[in-house]
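J.: Take this sequence and fold it.
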Amino acid sequence: MSEEKLVLKNRLKETRKSKQLSQAALAKLVGVSRTTISSIETGQFSPTAKLALILCIALDVKFEDLFYF
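T.: Alright, predicted model coming up:
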C-alpha cells in the first residue's frame, strides 16, 4: 500500500477573488486571521470541518466546489 496521504485541496483563492473579497475581508467574515486564510489558500493548512463549512457559507458555494482531493 502506498504511503500517499489524501490532501485536501481547495479553490479558495479563485473563489474569494471572484467574490471580490480580500483575504482580510474574508477572514473577518468567518472569524479567523488573514494569515489563516493565506495558509489555507497555499495549502499549508487544512481547515477544520467547521471552518470549511463556514467558508462555504460565507462564499455561498457548495463544499465540493471549494474543496477537493
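J.: tell me, what residue is most central in this protein?
T.: Leu12 (4.6 Å; C-alpha atoms, centre = their mean).
J.: give the contact list for the closest residue to that one other than its chain neighbours.
T.: Leaving aside its chain neighbours, Leu12 sits nearest to Glu41 (5.0 Å; criterion: C-beta to C-beta, 6 or more residues apart in numbering). For glycine as for every other residue, the C-beta is placed from the backbone atoms N, C-alpha and C. Going by C-beta atoms under 8 Å, 6 or more residues apart in numbering, Glu41 touches 10, 12-13, 16, 23.
J.: Surely the residue nearest to the centre of the chain is in contact with Leu55?
T.: Yes. Assessed by C-beta atoms under 8 Å, Leu12 is found in contact with Leu55 at 6.8 Å.
J.: all strands of the protein, in order?
T.: In the chain, the strands defined using DSSP state E lie at 9-10, 67-68.
J.: which residues touch the first one?
T.: When you say that, I think you mean strand 9-10. 40-41, 43, 66-69.
J.: List buried residues within those residues.
T.: 40-41, 66-67 (16 or more other C-beta atoms under 10 Å).
J.: Outside of stretch 19-28 itself, list whatever touches it.
T.: With C-beta under 8 Å, 6+ apart as the criterion, stretch 19-28 contacts 16, 29, 33-34, 36-38, 41, 55, 58-60.
J.: Mind picking the two most distant members of those residues?
T.: Spatial extent of the contacts of stretch 19-28 (C-beta to C-beta) is set by the pair Ser33 and Asp60 at 22.0 Å.
J.: between the two, who's got more neighbours?
T.: Each of Ser33 and Asp60 has its neighbours counted (other C-beta atoms under 10 Å); Ser33 has more, 12 against 8.
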